[in-house]
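Student: no sequence for this one, just the structure:
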């Protein structure tokens with residue numbers, strides 16, 4: 001958002017101007033509106049079964065990824081998504097990763113691991 005020199009990066013100029021027009025009170029109102037909307041729509045999660053509902057952390061200030069930055073990030077992100085998909089396919093599929101400390105061979109059960117009660121396991 002801001003360069004080391006303290007100057008606002010060019011692609012964030014419009015956003016900083018908009019935030020300045022809102023002011024601190026306007027931003028606080030928007031945060032309250034966001035939280036009320038999440039509660040009204042049930043957009044919450046729990047850390048444990050006995051825990052209380054929490055709102056998803058959602059920043060009002062977007063992170064802007066320029067095309068140059070995206071080019072740098074894309075290959076690494078694609079690789080990580082493929083690795084995660086392969087891991088989940090294995091956990092909920094054939095289970096061919098017996099050396100993995102979280103595989104079914106080490107007591108991790110796909111039946112209890114999938115946290116969404118009304119959603120099927122991936123795969």
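Tutor: Great, that's in hand. None of the values given here were measured: they were computed from a predicted structure.
Student: how far is the helix ranked longest in the chain from where the chain is centred?
Tutor: As assigned by DSSP state H, the longest helix anywhere in the chain is helix 13-41. Helix 13-41 has its C-alpha centroid displaced from the chain centroid by 20 Å (Cα atoms, centre = their mean, to the nearest Å).
Student: next helix or strand past it?
Tutor: For helix 13-41, the succeeding helix or strand toward the C-terminus, using DSSP states H and E, is strand 44-45.
Student: Parallel or antiparallel, list what pairs with that next one.
Tutor: strand 54-55 (antiparallel) (DSSP bridges).
Student: buried stuff in whichever helix or strand comes after the strand it pairs with?
Tutor: On the C-terminal side of strand 54-55, the nearest following helix or strand under DSSP H and E is helix 67-91. Buried residues in helix 67-91, counted by 16 or more other Cβ atoms under 10 Å: 90, 91. (Each C-beta comes from the backbone N, C-alpha and C, glycine too.)
Student: From the contact counts, what lies against helix 67-91?
Tutor: Packed against helix 67-91, as judged by 3 or more Cβ pairs under 8 Å, 6 or more residues apart in numbering; DSSP states H and E, are no other helices or strands.
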